[in-house]
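# coords below, sequence missing:
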C-alpha cells in the first residue's frame, strides 16, 4: 500500500504530539518544576484538582454507559 509524502509527514507530526499511549506529551514546563516556588506549587495543585475533576467526570460517564448496557443487579425500577 503506497502512502504519499503528506501522509507520512502528518504521521511524523502526530507522533511528536502524542506519546506511546496516545496521550499528549508533557511540555517542559509540566516536567521541570521549582518545588521551592509557591507559585509553581499552587499552579500544580490547581492542575491536579482540575485533573481529578475531569477524571471523576469521565469515570461517571463510563459507569453510566456500563449501567445502560448491563444494569445493576435488581435493575432500575
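That came through fine. This one's a predicted model, so the numbers in the text were calculated from it and none came from an experiment.

# let me see the mean pLDDT of the longest helix anywhere in the chain.
The longest helix of the chain (DSSP state H) is helix 38-69. Helix 38-69 shows a mean pLDDT of 91.

# helices or strands next to that helix in the packing?
The helices and strands touching helix 38-69, judged by 3 or more CB pairs under 8 Å, 6 or more residues apart in numbering; DSSP states H and E, number zero. Where C-beta positions appear, they are placed from N, C-alpha and C, glycine not excepted.

# make it 10 Å
If you count contacts as 3 or more CB pairs under 10 Å, 6 or more residues apart in numbering; DSSP states H and E, helix 38-69 packs onto helix 28-31.

# pLDDT on the helix it packs on, on average?
In the prediction, helix 28-31 has an average pLDDT of 66.

# what's the burial count for residue 69?
By the measure other CB atoms under 10 Å, the count of residues near residue 69 is 6.

# I meant to write residue 40 there.
Per other CB under 10 Å, the neighbour tally for residue 40 reads 14.

# ditto for residue 41
13.

# what about it, distance to residue 66?
Residue 41 is 37 Å from residue 66, where distance means CB to CB, to the nearest Å.

# repeat for residue 59
10 Å.

# what do you get for residue 26?
30 Å.

# same deal with residue 21?
22 Å.

# the two: who's more crowded?
residue 66 (11 against 5).

# residue contacts, that one?
residue 72 (CB atoms under 10 Å, 6 or more residues apart in numbering).

# for it, give its distance to residue 23.
Taking CB to CB, one finds residue 66 at 23 Å from residue 23.
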